[in-house]
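Asks: coords please:
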Amino acid sequence: MTRSEKPRETGPDGERPAEQRARRCQEELDSLRAKLRQSEARVEALETQLREAQINAPPPGIGEREMRLLAEQLERQAVLLERDEQVGRELQRNLQPVVEGAFEGLHFAIETLPGARVGGDFYDIINLSDNFVAFLIADVSGYGLPAAVIMATGRLAFRTAAASEQRPRIIMENVNRQMLRSTLAGHYLTAFLGVLDTELLTLQYVNASHCSPFLIRDGEVTPLDTEGLFVGMFEDPQYEQKSMQLDKHDRLFLYTDGLLHAFDEKDRPQSQKLLCEYLEKNGALSIEELIGGLTGRLDHPDDDVAVMGVELLLEKAQRKTITMPSLPRELIHAETAILPVLENLGYGERIIFAVKLALEEAVINAIKHGNELDDTKRVTVSFSVDENRAVISVADEGEGFDPNALPDPTAEDYLMATSGRGVALIRAYMDEVRFNDKGTEITMIKYAPWVAGKHS
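Replies: Have a look, this model is predicted:
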């Protein structure tokens, strides 16, 4: 699935404005990293000279003079490092996005607190398409200008990866590869990334060793746990993606580990337990009040703090559901329920043909490969159709499969095969196609011809 963009003017080198800004930003980050390495090298050299002067214990007159010169140089270097801290803090402040009123049907409450030293906490909210929005919270290891530079690099990497992908696991993997190439040695970041379908209210998410966010629903608080290693440290960190169904008025609570100091606990699991209890006890409060009650406990924190609350004000789209036994002849019930609606809305013959073909392939795959022709197992077709798009899901009761492991039907050694092209056909005829985590449900989207150009 690709995010659509309207054609834009290009610069003299054929670059779009967004590409030019990204290139300039990357050049500035590269320059900052180079200056940072030079600064660190100077400090290390001065510290080495100071240690050698102390160990070698030169004659009193010469040694005192050298020590005084070294002390003066270190003092000047400290001034430079303090200036780097100020640059880092300014960089951190300028890169935090402004989101008020930007996303209809979603209410965000965000608060950040600066620490004693510049850290690398950051968040972002990215509009992926008309019906998908991603929200991110992350924390960079270390402090000072290095953390600020990595923060800027990480935020740019996430936005770049999300420009052409909506699956959070793939986004995180792409960001990890980018950060491996550009992150300073010994540094990494933790991150939680969620992608919300604002029509179906399904949330897909991954966690790269970040503090587990919480779902607050009807007074109950549930941690959103998944497995995944740091970003920018390992070649193959294996991020686990999960999904869940959300409802109107559900709230999500995301934070960085600096918030846990509000409980004065050195033990992180215990601090998270106390945070969970706080959310349970005060769940009736607004998300602004929840966040304010926590950050109000922190007076001049040592570590940066970032907190994001998300409340859903959306209703789940009304969907019709058809359940059928695993018999091919039952397909007609789904076709007669969906195709006339498309015709009445004026979708046109070509789109109706594409939807019919994709629906047939999906249902037959569910019967044959998912339920293995067992007519005691059911196939469920759910759909919603409006003036802009048709969303159709087909689910089976089988064990599932890995859609990423499907062979390429265009490969030379596969050209003579008599089957195995169903998913490829569906992808060719529908505008967007995705599977659930188990591979037991496929969701297909086809846009009306008058809006299809926005999603090509």
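
Asks: make it CA atoms for all contacts and neighbour counts henceforth
Replies: Will do.

Asks: any idea how far Asp375 is from Tyr205?
Replies: Tyr205 sits 34 Å away from Asp375, going by CA to CA, to the nearest Å.

Asks: what about these two, which has more around it?
Replies: Tyr205 (24 against 14; other CA atoms under 10 Å).

Asks: Give me the secondary structure label for that one.
Replies: Classification of Tyr205 using DSSP: H, G, I helix; E, B strand; the rest coil returns strand.

Asks: contacting residues for Ser167?
Replies: Actually, residue 167 is Arg rather than Ser. If you count contacts by CA atoms under 8 Å, 6 or more residues apart in numbering, Arg167 has them with Val195, Gln204.

Asks: oh sorry, the question was meant for Leu196
Replies: Phe132, Val133, Ala134, Thr202, Leu203, Gln204.

Asks: cutoff 6 Å now
Replies: Phe132, Val133, Thr202, Leu203 (CA atoms under 6 Å, 6 or more residues apart in numbering).

Asks: what bridges to the last one?
Replies: It refers to Leu203. Per DSSP bridges, the residues bridged to Leu203 are Leu196, Met244.

Asks: Just to check, it is in contact with Met244?
Replies: Yes. At 5.4 Å, Leu203 counts as touching Met244 under the criterion of CA atoms under 6 Å.

Asks: of those two, who's got more company?
Replies: Leu203 (18 against 12).

Asks: Give me the buried positions along stretch 228-240.
Replies: Buried positions in stretch 228-240, judged by neighbour count with 16 or more other CA atoms under 10 Å: Gly228, Leu229, Phe230, Val231, Gly232, Met233, Pro237, Tyr239, Glu240.

Asks: just the CA coordinates of it, formatted as CSV?
Replies: Provided in CSV are the C-alpha atoms of stretch 228-240 (Å, rounded to 0.1, in the frame of the first residue of the first chain):
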residue,chain,number,x,y,z
GLY,A,228,11.2,-6.1,20.0
LEU,A,229,14.8,-4.9,20.5
PHE,A,230,16.3,-1.4,20.3
VAL,A,231,16.3,0.5,17.1
GLY,A,232,19.7,1.2,15.6
MET,A,233,21.6,-1.5,17.4
PHE,A,234,20.9,-4.9,15.8
GLU,A,235,20.8,-6.1,12.2
ASP,A,236,17.7,-8.3,12.7
PRO,A,237,15.8,-7.2,15.8
GLN,A,238,12.5,-9.2,15.1
TYR,A,239,9.7,-6.8,15.9
GLU,A,240,6.5,-8.4,16.9
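
Asks: Determine how far it lies from the middle of the whole chain.
Replies: Relative to its parent chain, stretch 228-240 has a centroid offset of 14 Å by CA atoms, centre = their mean, to the nearest Å.

Asks: Stretch 330-350 too?
Replies: For stretch 330-350, the gap between its own C-alpha mean and the chain's C-alpha mean amounts to 35 Å (CA atoms, centre = their mean).

Asks: One more: stretch 198-214?
Replies: That offset, for stretch 198-214, works out to 8 Å (CA atoms, centre = their mean).

Asks: so where do the helices sit in the chain?
Replies: Using DSSP state H, the helices of the chain run over 17-56, 60-95, 144-162, 168-182, 268-281, 287-295, 331-344, 349-365, 422-429.

Asks: Which of those helices has the lowest mean pLDDT?
Replies: Comparing mean pLDDT across the helices of the chain, the weakest is helix 60-95, with a mean of 55.

Asks: and the residue nearest the centre of the chain, what is it in contact with?
Replies: The chain has Leu193 as the residue nearest its centroid, 3.0 Å off, counting by CA atoms, centre = their mean. By CA under 6 Å, 6+ apart, the residues touching Leu193 are Phe135, Leu136, Tyr205, Val206.

Asks: Do I have it right that the second one meets Ile126?
Replies: If I follow you right, that is Leu136. No. Applying CA under 6 Å, one finds Leu136 not in contact with Ile126, separated by 8.4 Å.

Asks: what about Asp374, how many neighbours?
Replies: Asp374, neighbours per other CA under 10 Å, totals 15.

Asks: separation between it and Ile367?
Replies: 8 Å.

Asks: now Pro403
Replies: If you measure Pro403 against Ile367 using CA to CA, the figure is 17 Å.

Asks: Give me the distance between Thr323 and Glu330.
Replies: 9 Å.

Asks: swap in Phe253?
Replies: On the measure of CA to CA, Phe253 and Glu330 end up 44 Å apart.

Asks: out of those two, which sits in the busier spot?
Replies: Ranked by neighbour count (other CA under 10 Å), Phe253 and Glu330 place Phe253 first, with 22 against 14.

Asks: contacting residues for the more buried one?
Replies: By CA under 6 Å, 6+ apart, the contact list for Phe253 reads Pro213, Phe214, Gly309.

Asks: change it to 7 Å
Replies: For Phe253, the contact set (CA atoms under 7 Å, 6 or more residues apart in numbering) comprises Pro213, Phe214, Leu215, Met308, Gly309, Val310.

Asks: How about Gln238?
Replies: With contact set as CA under 7 Å, 6+ apart, Gln238 has these partners: Gly228.

Asks: Also Ala134?
Replies: With contacts defined as CA under 7 Å, 6+ apart, Ala134 is in contact with Ile125, Ile126, Asn127, Leu128, Gly194, Val195, Leu196.

Asks: what comes up buried for stretch 333-341?
Replies: Residues of stretch 333-341 classed as buried under the neighbour-count rule (16+ other CA under 10 Å) are Ala334, Ile338, Leu339, Val341.
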